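K.L.:
Structure for the following, please:
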Amino acid sequence: MHAHASRIECRQGDIARQDDIEAVVNAANARLMSGGGVAGALHRAAGPELAEACAPLAPIHPGEAVITDAFGLPNRHVIHCLGPVYGVDEPSDALLADCYRHALELAQRHDIESLAFPALSTGAFGYPAAEAARIALSTVLTTLPHCPAVRQVRFVLFDAAGAELHRHTLEALSAG
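P.N.:
Model prediction:
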């Protein structure tokens, strides 16, 4: 078992309703504005202050992450990551890994103990779910030892199939 796997959990749920988590990660667009999917859900729950806080930070590039307060969300912070558009932003695997690594590094710098990720780039950006889960979980496993402030990482997946895929991927990577 990988030493840091016990600090990672995968579950089905709503990323905007993670009351016991200090920071949630937004699957952002380059302008950091509300949109569909995760970005829309978080912006709706946070209120208009989130868009106001994001405006001076935009635009961001694939692989980058920035942090804001969470406003109306039950969390302290939102970490906004721009994942790669599959087949467009290259090297997509490195850019996707950068999202997870940069989010964890921001959490470490801000003494954030718990962080919840969605499956970045797998919605409108078209990243294949299994490949995205492998990149996400392997990056978190290799980055966590360098982020001792981060005690818990939760992957919050929209549907049961996504949660199960992430659980199986975590088990396989942890056994290796």
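
K.L.:
ok, now which ones touch the residue minimising distance to the centre of the chain?
P.N.:
Residue closest to the mean C-alpha point of the chain, counted by Cα atoms, centre = their mean, is Phe117 at 3.1 Å. Phe117 makes contact with Val25, Tyr100, Ala103, Ala136, Val140, Val153, Arg154, Phe155, Val156 under the criterion Cβ atoms under 8 Å, 6 or more residues apart in numbering. Where C-beta positions appear, they are placed from N, C-alpha and C, glycine not excepted.

K.L.:
Thr68: helix or strand, and which one exactly?
P.N.:
Using DSSP states H and E, Thr68 sits in strand 65-69.

K.L.:
Quick check: buried residues in the helix or strand that that strand is followed by?
P.N.:
Per DSSP H and E, the first helix or strand lying C-terminal to strand 65-69 is strand 77-81. Buried residues in strand 77-81, counted by 16 or more other Cβ atoms under 10 Å: His77, Val78, Ile79, His80, Cys81.

K.L.:
which of those lies closest to Ala65?
P.N.:
Using Cβ to Cβ, Cys81 comes nearest to Ala65 of the buried residues of strand 77-81, at 4.6 Å.

K.L.:
For that closest one, which non-adjacent residue is closest in space?
P.N.:
Using Cβ to Cβ, 6 or more residues apart in numbering and skipping the chain neighbours, the partner closest in space to Cys81 is Cys99 (4.0 Å).

K.L.:
Equivalent analysis for Ala133, please.
P.N.:
Nearest to Ala133 is Thr169, by Cβ to Cβ, 6+ apart, at 4.4 Å.

K.L.:
before we move on, which element is that neighbour in?
P.N.:
helix 160-175.

K.L.:
Who are the packing partners of that helix?
P.N.:
strand 8-12, helix 129-143, strand 152-157 (3 or more Cβ pairs under 8 Å, 6 or more residues apart in numbering; DSSP states H and E).
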